Each structure stands twice: as structure tokens, then as C-alpha cells.
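Undergrad: everything below, folded, please.
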Amino acid sequence: MGCHVSVLMPAYNEAENLLEVIPATAAVLDGLGTSWEILVVDDGSTDGTRGVMEGLRSDTVRYIRLRRNAGKSAALSMGLDHVDGDLIVLMDADGQDDPAAIPKLLAELDGGIDLVTGRRATRHDRFIKRNTSKIYNGVTAKVTGVPGRDFNSGLKAMRRELADTLEMYGELHRYIPVLAVWNGFRIGEVDVEHHERLHGTSKFGRARFWRGFLDLVTVKFLTTYTARPFHLFGGIGFGIGFLGTLMLAWMGISKALGHAIGTRPALQLGVLLVVVAVQMVSLGLLGELMVNLRRRSSLDATADGDLR
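TA: Next up, the predicted model:
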């Protein structure tokens, strides 16, 4: 293979699991015939993870500790800034991801894919979690147009150049494949084995489901309308304005026929819709102005660099 491989493992209160997962992962990496490292990012754990990692640290096993729980996206972002590998594997620390699948993922990268996700063919999770994930995956594929059946799998492998383009915050780690496609990379999925959690309980509650869909709106906006905000805000504005205009036209006709309209709710609603429409269109135009100014600044900076 000839590439340096980094395994990035975010962990939050997974001390017991790390004692088993890290040696198992190291054993698989030893068989790759290339240099490797494991980087554990402790996301503010309170269960003794720090002490466990002090005993596991070595030349190939590294450890970063966040002072507070910042979330998986923040932990991954921190880890991606510190890994050294040409090929990067993302892997959860709860023992559900199978380290034996790492060679299969890396083989897909050798085949020309930039990001490969380990698709959990048979999931060992609660019934509710399995089925809400099916809904989430289906909606994500439909809304974004990115093919995939397991976007949120924690087991992924990617090239360094793709990792360098990722900006993750909030819960955007769920949409790494979508962000990769948006940045022009090729993605794929392969079936991998999924295990029962070794120890402890899941750290994600019911709010995870709703946060995921809210972040889907964020990703859709970032990947579709960042360069053309008027298409979104202007489209909404014209739609609302059309409805408001129809209502005001109706009120105008009623007034012409001799009906009193001063206290009609339809008149007030029509005026409100037209005002909101003007605001939305104005917001879209301001967004276009900001995008244009940013592009000009970027072009000026590029031209200035070429002149030098």
C-alpha cells in the first residue's frame, strides 16, 4: 500500500471499550504492511478515559483530550487537524464498528474512490434507532440527490485531500458523504459487519433524530444555495408575493363591488404577505451582493498573487 494510515477515533465515556477496541484495531493495522497511527479524541469524558489512554499511549497510539463535551463533529474536526495519514479511517470507539473491515475500506480507496462508507448490512441497535435511521437515510438521499443507504455510519475511510476540505460543526458529521460530493469527490459504500456495543450505553438520545433533520436543512442550503442565495429567498419571496397580490386583488374587486373591506382579515393578510415578500426578495439580493463581493475579493487576491 505504501501510504501512512491514520485511524481517527472520537470517544465519549468509552473507557471500557477502548481497552478492547484499540488493541484489536492495532492488530489489524499491523497486518497492512504500512505505517499507521491511531488517534483517540477524548470528547470531554468523565469516566476515566484519560487514565486508560495514558496506559495505551505509544509511538503509534496518540491521544487528544477536549476539556468539555463538544460533540462528535467538533471531536472529528479536531482530530482531522492532527492526524498525519494519507488515508484516514473514521471509527467509533464503542466496539460496534469491526476493525477487520479496515482493509476492505482501504482497498476501495485504492480502486479510485475518495470516500467509502461502511454500510451496516445488519445493524445491532434498538428497533427505534434502526427504523428512524432508515427514514433519515431515505430522506437525506432524496433531498440531497446523493446516493447512499447509511450516511451516518461511523466507519468511513477517505483520502487526505478530501479530509482537508471538510468543515464540521454542530452535527454535520452525519453528512460527510454529502459534503464530499459537493466538493467534487467520488464516494461509495461497502457492506461491513456491525456488532453489539461492547460496554455501556449509547450517548445519543431522541433529540439526535430531530437535530439530524435540522442539520439536513443546513446542508441542503450550504450545498445548493451558497453561491445563489436569491434562488432561495427570491423564490420564496415571489411565491408569497403572488399569494398576497391575489388576496389584495380580491379585496380590490370586493371594494369596487361596494363591499366594506376595512376590517376584513384577508386585507390585512394580503398586505402582510406583500411586505414579507419584499423583505425576502431584498434579503436574496443582499445575499447575491455578498457572494459577488466575496468572489471579486477572491479574484483580486488571485490576480495580485499572480502579479507578484
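Undergrad: what secondary structure does A277 sit in?
TA: helix (DSSP: H, G, I helix; E, B strand; the rest coil).
Undergrad: state the distance from it to V271.
TA: 11 Å (C-beta to C-beta, to the nearest Å). For every residue, glycine as well, the C-beta is placed using N, CA and C.
Undergrad: who's more crowded, the two?
TA: A277 (21 against 14; other C-beta atoms under 10 Å).
Undergrad: once you drop chain neighbours, what's closest to the more buried one?
TA: Nearest-residue entry for A277: G241, 3.1 Å, with adjacent residues in sequence omitted and distances by C-beta to C-beta, 6 or more residues apart in numbering.
Undergrad: any idea how far the one you found is from V89?
TA: Taken as C-beta to C-beta, the span from G241 to V89 is 51 Å.
Undergrad: most distant residue from the centre of this structure?
TA: The C-alpha centroid of the chain is most remote from G258, which lies 57.8 Å away (C-alpha atoms, centre = their mean).
Undergrad: tally of neighbours for L246?
TA: Applying other C-beta under 10 Å, we find 12 residues neighbouring L246.
Undergrad: what residues of the helix or strand hosting it count as buried?
TA: Using DSSP states H and E, L246 sits in helix 229-256. Neighbour-count burial for helix 229-256 flags 229-230, 232-234, 236-237, 240-241, 244, 247-248, 251 (criterion: 16 or more other C-beta atoms under 10 Å).
Undergrad: could I get the residues you listed in JSON lines, plus columns for distance to R264?
TA: As requested, those are exported to JSON lines (distance: C-beta to C-beta, whole Å):
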{"residue": "P229", "distance to R264": "35"}
{"residue": "F230", "distance to R264": "33"}
{"residue": "L232", "distance to R264": "32"}
{"residue": "F233", "distance to R264": "29"}
{"residue": "G234", "distance to R264": "29"}
{"residue": "I236", "distance to R264": "25"}
{"residue": "G237", "distance to R264": "24"}
{"residue": "I240", "distance to R264": "19"}
{"residue": "G241", "distance to R264": "19"}
{"residue": "G244", "distance to R264": "14"}
{"residue": "M247", "distance to R264": "10"}
{"residue": "L248", "distance to R264": "11"}
{"residue": "M251", "distance to R264": "6"}
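Undergrad: which of these lies closest to E196?
TA: Nearest to E196, judged by C-beta to C-beta, of the buried residues of helix 229-256 is L232 at 43.4 Å.
Undergrad: does the closest one touch G284 like I think?
TA: Yes. Assessed by C-beta atoms under 8 Å, L232 is found in contact with G284 at 6.9 Å.
Undergrad: distance check, V143 against V89.
TA: Relative to V89, and taking C-beta to C-beta, V143 is found at 28 Å.
Undergrad: next: G33.
TA: Per C-beta to C-beta, G33 is found 16 Å from V89.
Undergrad: and what of L66?
TA: Distance from L66 to V89, by C-beta to C-beta: 20 Å.
Undergrad: same question, P23
TA: Applying C-beta to C-beta to P23 and V89 gives a distance of 16 Å.
Undergrad: so these two - more neighbours on which side?
TA: Counted by other C-beta under 10 Å, P23 and V89 do not tie: V89 has more neighbours, with 28 against 12.
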